[in-house]
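Asks: structure for the following, please:
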Amino acid sequence: MWADLAPVGRDTDGGYHRFSWAGADTDARAWFVQEAKARGLEVRTDRNGNLWAWWGGPGPGAVATGSHLDSVPSGGPFDGPLGVVSALAAVDELRRRGVRPARPLAVVVFVEEEGGRFGVPCLGSRLATGGISPERARSLTDADGLTWAKAMEGAGLDPEGIGADPDTLGLLDVFVELHVEQGRALEDTPHAVAVASTIWPHGRWRIDFTGRADHAGTTRLVDRDDPMLPFAHTVLAAREAAVAHDARATVAKTLVTPNGTNAIPSLVRAWLDARAADETALEAVVAQVRGAAERAAREHGVGVEMVTESRTPLVGFAEALRDRLGAVIAGRGPAVPVLPTGAGHDAGVLAAHVPTAMLYVRNPTGVSHSPHEWARPDDCHAGVIALADVLTDLLTGEGAR
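Replies: Below you'll find the model as predicted:
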């Protein structure tokens, strides 16, 4: 399965470009449907475009696992797809063991987890849980100005039907997401697999600096309203705020208008990604960046607006479920590591609505969101076995609720 999926959306630099409702993402979704049907699973597309492959048919008390197939621009091969491939491989392992589930099992692929095309991460799970309004989701645009509604319609789905999906979520007794480790906590340990404890609070903020376009060669410095200057101050302020509060703050996406070498910009639109171990630190980071942007904009005669595009609070995974998974994976061996993360996931969105847990597979370099993202085949296999062990316990034992 990994060999079949690996070429889909891979660029010449080794990075992946799988954006929702576009060619490579569509091909990856088709690959999933084919693999699920080959296993006799019943595939359904929910009202928001998420794919559900059911073993035993949809029903109450279900156990679900899976992840996503879309990517960030020039992303890595493991972030998302490892959880999907491992889920299907775990189904194979369960059947090899002769497991007869006492409740339904679903393998799910959530749409637009990365927000790589439309800007809001975990959009499929946010829609399903009511975490974003259908009206806002339909109006989200990609870099070419195409709306989510039009893109979804182009994929043959009805954008008027999107929104909270309590009927599907109400079937779930538990959701477990397997994911490649994003960071390097496991490499110097004997453990190939860990369980998640928390996801840091995080969000994305759009910052618009509005100036006046003019000629780069004829306009005196004192006569300029150049939005690039306060933007530069803000990038440095984000780093300073992250250091001050032991957090993460990144400005990595920028759109410049008119984007000419010999033209002073009229607009610089940038996005701040900020994450911290607790809500207080995150708010302090954002406030510090906002203050720096406003001061620099005033100094250079430029307008500024900072808008929250997405915001996810601190997620604490269900401790009893986490401990149960850890005990199953450990067996008679040493305790399984329990790790926090600064990365967002669909599991983090679902956690407020369904008992949820995550498994991490060791990443020897810690690199993620990059073509250099990697995990050893042996560790990936260990992840499949751990997931199969967990699913066996959940499918044949007592429910998680």
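Asks: could I get the buried residue list for the helix or strand harbouring residue 327?
Replies: Assigned by DSSP states H and E, residue 327 belongs to helix 319-330. Using 16 or more other C-beta atoms under 10 Å as the test for burial, helix 319-330 gives 321, 322, 324, 325, 326, 328, 329, 330. (C-beta placed from N, C-alpha, C; glycine too.)
Asks: export that helix as CSV, just CAs?
Replies: Only the C-alpha atoms of helix 319-330 are listed here, as CSV (Å, rounded to 0.1, in the frame of the first residue of the first chain):
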residue,chain,number,x,y,z
GLU,A,319,-6.4,9.9,30.7
ALA,A,320,-8.2,6.6,31.3
LEU,A,321,-8.1,5.8,27.6
ARG,A,322,-4.5,6.9,27.3
ASP,A,323,-3.5,4.7,30.2
ARG,A,324,-5.5,1.8,28.7
LEU,A,325,-3.7,2.1,25.4
GLY,A,326,-0.3,2.4,27.0
ALA,A,327,-1.0,-0.8,29.1
VAL,A,328,-2.1,-2.7,26.0
ILE,A,329,1.0,-1.7,24.0
ALA,A,330,3.4,-2.3,26.8
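Asks: still on that earlier bit, now the buried residues of helix 319-330 as JSON lines including distance to residue 355 and pLDDT?
Replies: Formatted as JSON lines, the buried residues of helix 319-330 follow (distance: C-beta to C-beta, whole Å; pLDDT from 0 to 100):
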{"residue": "321", "distance to residue 355": "5", "pLDDT": "96"}
{"residue": "322", "distance to residue 355": "10", "pLDDT": "95"}
{"residue": "324", "distance to residue 355": "10", "pLDDT": "96"}
{"residue": "325", "distance to residue 355": "11", "pLDDT": "96"}
{"residue": "326", "distance to residue 355": "15", "pLDDT": "96"}
{"residue": "328", "distance to residue 355": "15", "pLDDT": "96"}
{"residue": "329", "distance to residue 355": "17", "pLDDT": "96"}
{"residue": "330", "distance to residue 355": "20", "pLDDT": "94"}
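Asks: okay if I get those as CSV plus distance to residue 23?
Replies: Shown next, in CSV, are the buried residues of helix 319-330 (distance: C-beta to C-beta, whole Å):
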residue, distance to residue 23
321, 38
322, 38
324, 41
325, 37
326, 40
328, 40
329, 38
330, 43
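Asks: tell me the one of those nearest residue 222?
Replies: Residue 222 lies nearest to residue 322 out of the buried residues of helix 319-330, by C-beta to C-beta, at 60.0 Å.
Asks: correct me, but residue 20 touches residue 115?
Replies: No: the criterion here is C-beta atoms under 8 Å, and residue 20 misses it with residue 115 at 9.1 Å.
Asks: ok, for residue 294, nearest residue in space, not its chain neighbours?
Replies: Leaving out its chain neighbours, the residue that sits closest to residue 294 by C-beta to C-beta, 6 or more residues apart in numbering is residue 304, at 5.8 Å.
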